[in-house]
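Undergrad: no sequence for this one, just the structure:
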């Protein structure tokens, strides 16, 4: 989460609407597969939450959050957790004095077990935390999670039973947080905690023992599915795989447990941008890695790559798109290419595609996913629509980040066993129906 959460400290001059993907009211279910381990399939839905922040100074946050409903403890307590592929430690709010906030009460669970600070879990498995775990006054393993927007969560590591779709995962390690500060009260009031899903040893997917997980988000209404395990879907197009990049040596700007891939080029229509391969490779400090992050909305490119893409997109659209000439307007602090599009436009714009070329795979962004209409922004009879690729340099971020907006209608498979990510273009609404989910 360390790259993504840096975005939270930035401010944009627009009225934001935050959208969250929730599990539907239908219960998630288990699908048994012969000759293989079972899989878990969960439906995903969206819900819009108006921001409570002042309209002229809004924190930049990802606008779609995958949430999972499950049960923890004995007897089980129902909780809702944000699914975060950019974080390792899962945690729950355990402060029962919180008013009108969902919490997990460890005192009501007979299976709850705090972890001592002398345990190997505390001393060796917390090495990728931004702040090392420590001992509290009771010799329990104490964790502090802090983020760039001054948000924080603090508490003890513990173990308890986690149950998803009837499948129990006993002895799951998580943070039982009793204090902290949230810069987003809307999100904080809706969920009990966070489910870390990166490649760290304490992430939930690592502890569950599944070798794969996948998700697919519809491009029409953001509905979709989340799947733990092997899909074995014969109807799914063959996936193209790109290997995960691993650097064992600790580097100051390289997140070793992120889902890092190798970006090799960018195309606009069929034209490959003339960029040296070296600008897509991490340098000796680790700066320049490319991370696939479902928790970030749009895609961010480092300066040279962004500038080349920006110039080529403007060149290929100059005959029918009018650039917004307003140097004071930078959408979400990183999107300085916006256009004036007539409000009465009836026919869809015929935009050139943008393809992100990875080692062995490719994601192509087309049509309406290339422009985002800024809510409550207009210039005369024109709406303001911004290019959905942002400049990492404007955020002070030393990385490329591939956001979920450009993963719509793409089956995203995270293969932990073979250390790779598979992608395939697919209708995600139909994919849900194939698994028996009516989205």
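TA: Thanks, I have it. Just so you know, these numbers come straight off a predicted model, no measurement behind them.

Undergrad: Next up, the contacts around residue 169.
TA: Residues near residue 169 by CB atoms under 8 Å, 6 or more residues apart in numbering: 161-163, 207-208. Every residue, glycine included, has its C-beta placed from N, CA and C.

Undergrad: buried residues in stretch 353-371?
TA: 354-358, 360-361, 363, 365, 368-371 (16 or more other CB atoms under 10 Å).

Undergrad: can you name the two of those residues that are farthest apart?
TA: Taking CB to CB as the measure, these span a maximum distance of 28.8 Å, between 360 and 371.

Undergrad: now residue 245, nearest residue through space, not along the chain?
TA: residue 260 (4.4 Å; CB to CB, 6 or more residues apart in numbering).

Undergrad: What is the neighbour count of residue 284?
TA: 8 (other CB atoms under 10 Å).

Undergrad: Confirm it sits in a strand?
TA: No. Secondary structure of residue 284 (DSSP: H, G, I helix; E, B strand; the rest coil): coil, not part of a strand.

Undergrad: Report how many residues lie close to the closest residue to it other than its chain neighbours.
TA: In space, not counting the residues next to it along the chain, residue 284 is nearest to residue 251; the distance is 7.6 Å by CB to CB, 6+ apart. Residues contacting residue 251 under the criterion other CB under 10 Å number 16.

Undergrad: which residues touch residue 251?
TA: 282, 284-286.

Undergrad: Can you tell me which of those residues lies closest to residue 39?
TA: Closest to residue 39, out of all of the contacts of residue 251 and judged by CB to CB, is residue 282, at 33.9 Å.

Undergrad: now residue 341: how far from residue 372?
TA: Separation of residue 341 from residue 372 (CB to CB, to the nearest Å) stands at 11 Å.

Undergrad: which residues are common contacts for these two?
TA: Common contact partners of residue 341 and residue 372 (CB under 8 Å, 6+ apart): residue 385.

Undergrad: show me where pLDDT drops low in the stretch 301-439 of the chain?
TA: 436-439 (pLDDT under 70).

Undergrad: which stretches of the stretch 201-350 of the chain form helices?
TA: 204-208, 303-317 (DSSP state H, counting those that start in this stretch).

Undergrad: In JSON lines: those helices, plus distance to residue 410 and mean neighbour count.
TA: Converted to JSON lines, the helices of the stretch 201-350 of the chain look like this (distance: least, CB to CB, whole Å; neighbours: other CB atoms under 10 Å):
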{"stretch": "helix 204-208", "distance to residue 410": "19", "mean neighbour count": "21"}
{"stretch": "helix 303-317", "distance to residue 410": "19", "mean neighbour count": "17"}
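
Undergrad: Just put the ones you listed in CSV and tack on distance to residue 387.
TA: What follows is these, written out as CSV (distance: least, CB to CB, whole Å):
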stretch, distance to residue 387
helix 204-208, 33
helix 303-317, 6
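
Undergrad: in the stretch 151-300 of the chain, which spans are strands?
TA: All strands of the stretch 151-300 of the chain, identified by DSSP state E, counting those that start in this stretch, fall at 152-164, 167-181, 193-196, 212-217, 224-228, 240-243, 260-261, 263-268, 271-272, 289-292, 299-301.
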